[in-house]
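Chemist: this is a predicted model, with the sequence first.
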Amino acid sequence: MFFGSSITTMVAALLAVLLAITFHETAHGYVASKLGDPTARSLGRLTLNPLKHLDPIGFLCMILFGMGWAKPVPVNSRYFKNPRRDMALTAAAGPLSNLLSAVVFAALFIFTLVVIF
């Protein structure tokens, strides 16, 4: 993934991956919590601390091969009032957080280009 890249590019990419993993997994837990499932909160997984979400092997694969994984946030659908719908909302929260992060950081990037140039 990083072969032939500068150290600045590597550090920026690693930071982006850590942010993406953290936001993605926290979003799953946050939505599940809002829908009545206390599991993620009680296990300390509703945090923006990347160390709580990193899977060492998954992170290493992400660095070496450009794809990997994080520790999944535990969800217990028995707490949901409408398990089918609420599980779908909880599952959708991660990818939606990725889209939101992409839009925010793209806007910041464009704003930075406009201000600098």
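Modeler: Structure's in. What do you need? Residues are numbered from 1 along each chain as shown.
Chemist: measure the closest residue to residue 76 other than its chain neighbours to residue 80 for me?
Modeler: In space, and not counting its chain neighbours, residue 76 is closest to residue 39: 4.8 Å by C-beta to C-beta, 6 or more residues apart in numbering. C-beta: built from backbone N, CA, C; applies to glycine. Here the criterion is C-beta to C-beta, to the nearest Å. By it, residue 39 lies 11 Å from residue 80.
Chemist: try residue 28
Modeler: Applying C-beta to C-beta to residue 28 and residue 80 gives a distance of 13 Å.
Chemist: okay, those two: which has more neighbours?
Modeler: residue 28 (25 against 18; other C-beta atoms under 10 Å).
Chemist: residue ranges for the helices of this structure, please.
Modeler: With DSSP state H as the criterion, the chain has helices at 7-34, 39-42, 56-65, 83-116.
Chemist: tell me which of those helices sits nearest to residue 76.
Modeler: Ranking the helices of the chain by proximity to residue 76 (C-beta to C-beta) places helix 39-42 first, at 4.8 Å.
Chemist: now the closest one: how far from the chain's centre is it?
Modeler: In this view, helix 39-42 has its centroid 17 Å away from the chain centroid, taken as C-alpha atoms, centre = their mean, to the nearest Å.
Chemist: what about that helix, average pLDDT?
Modeler: Helix 39-42 carries an average pLDDT of 96.
Chemist: if we can go back for a sec, format the helices of the chain as TSV; extra columns: distance to residue 50.
Modeler: Below are the helices of the chain laid out as TSV (distance: least, C-beta to C-beta, whole Å):
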stretch	distance to residue 50
helix 7-34	4
helix 39-42	16
helix 56-65	9
helix 83-116	14
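Chemist: please name whichever of those is nearest to residue 72.
Modeler: Ranking the helices of the chain by proximity to residue 72 (C-beta to C-beta) places helix 7-34 first, at 7.3 Å.
Chemist: can you tell me what sits against stretch 85-100?
Modeler: Residues from elsewhere that reach stretch 85-100 (C-beta atoms under 8 Å, 6 or more residues apart in numbering): 20, 23-28, 30-32, 35-37, 75, 77, 80.
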